[in-house]
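>>> generate a structure from the sequence data that follows.
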Amino acid sequence: MDELRVKDGQLSLVHKGKDHAFYVLADGKTGVWMISHFSPANETDTLRWANDMTYGLKALETHGVKRLVIDVTNNGGGIICLGCAAAYFIAPWKSKTCYRYDIRLTDPMIELFDRAHSESKKNATFDASVFNMTMYGRLESFKAMQRPRELLEPGRTKKRGNVKGRYSNLFTLDQDCLETLNQVTNEKLFPQLQRGWETKDISLLSNGILWLDLLQLCQVEHRLTSYS
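Sure, this is the predicted structure:
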């Protein structure tokens, strides 16, 4: 495990990989986990990403870190299941589930869904995944969606931030992400944490670029302290 180097008033590097960097603050009790992306290019890179994550977090725990700051500043996101796996690894909850999503429904958004779905039927090379949740999501009932309208209808009316609006049905990635969750929690593949961290001791630092992966990290009991 990397040797801890303490310098007064500075971050002390504990472990640095291609995708993650782990530091300890001068107090010796606060760790900083910097995640550069959630978008490894292939299976080999995904295993490296997970190995860097588990190794670095284990290093922080071994050095006695009690508080954890997760820094995703300028992180552009990527594979949603990795965000879910990261959250589950540091603070496991009762069942291996991922955050439930919905989408604010506006007329332009609905039009985009319909146009993308129509275009994908005519053009096999068209990537509709940005608009068509059938590409990477399931309804909350775990039924695979066949068309965008299953996500959009009947929809839900919610008041958020004192603004009332239309939202899609909830959808989930539980079945799709279960393999990833099982993988990162396999002690034969990766080092496992002895204690992890309580949610009251975890803070999330973001400048708002990250989207769905950020939501996955926030699902740690929905009680993370967040600074955007």
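>>> could you check how many residues crowd around the closest residue to Val24 other than its chain neighbours?
Nearest non-adjacent residue to Val24, counting by C-beta to C-beta, 6 or more residues apart in numbering: Ser12, 4.8 Å away. Backbone N, C-alpha and C define where each C-beta goes, glycine included. Using other C-beta atoms under 10 Å, the number of residues around Ser12 comes to 19.
>>> next one: Cys81
Each residue near Cys81 was counted by other C-beta under 10 Å, and the total is 23.
>>> what's the separation between it and Leu181?
According to C-beta to C-beta, to the nearest Å, Cys81 and Leu181 sit 8 Å apart.
>>> try Glu111
From Glu111 to Leu181 the distance is 35 Å (C-beta to C-beta).
>>> where do the strands of this structure begin and end?
12-16, 20-24, 30-35, 67-71, 138-139, 156-160, 163-167, 171-172, 202-205, 225-227 (DSSP state E).
>>> give me the most central residue, this protein.
What sits nearest the mean C-alpha location of the chain, by C-alpha atoms, centre = their mean, is Gly83, with 2.0 Å.
>>> hmm, that one is touching His37, no?
No. At 10.9 Å, Gly83 and His37 do not qualify as touching, with contact defined as C-beta atoms under 8 Å.
>>> list residues touching both of those two?
Shared contacts of Gly83 and His37 (C-beta atoms under 8 Å, 6 or more residues apart in numbering): Gly77.
>>> tell me the buried residues in stretch 12-28?
For stretch 12-28, a neighbour-count test (16 or more other C-beta atoms under 10 Å) marks Ser12, Val14, His15, Asp19, His20, Ala21, Phe22, Tyr23, Val24, Leu25 as buried.
>>> since that was my last question, I'll sign off now.
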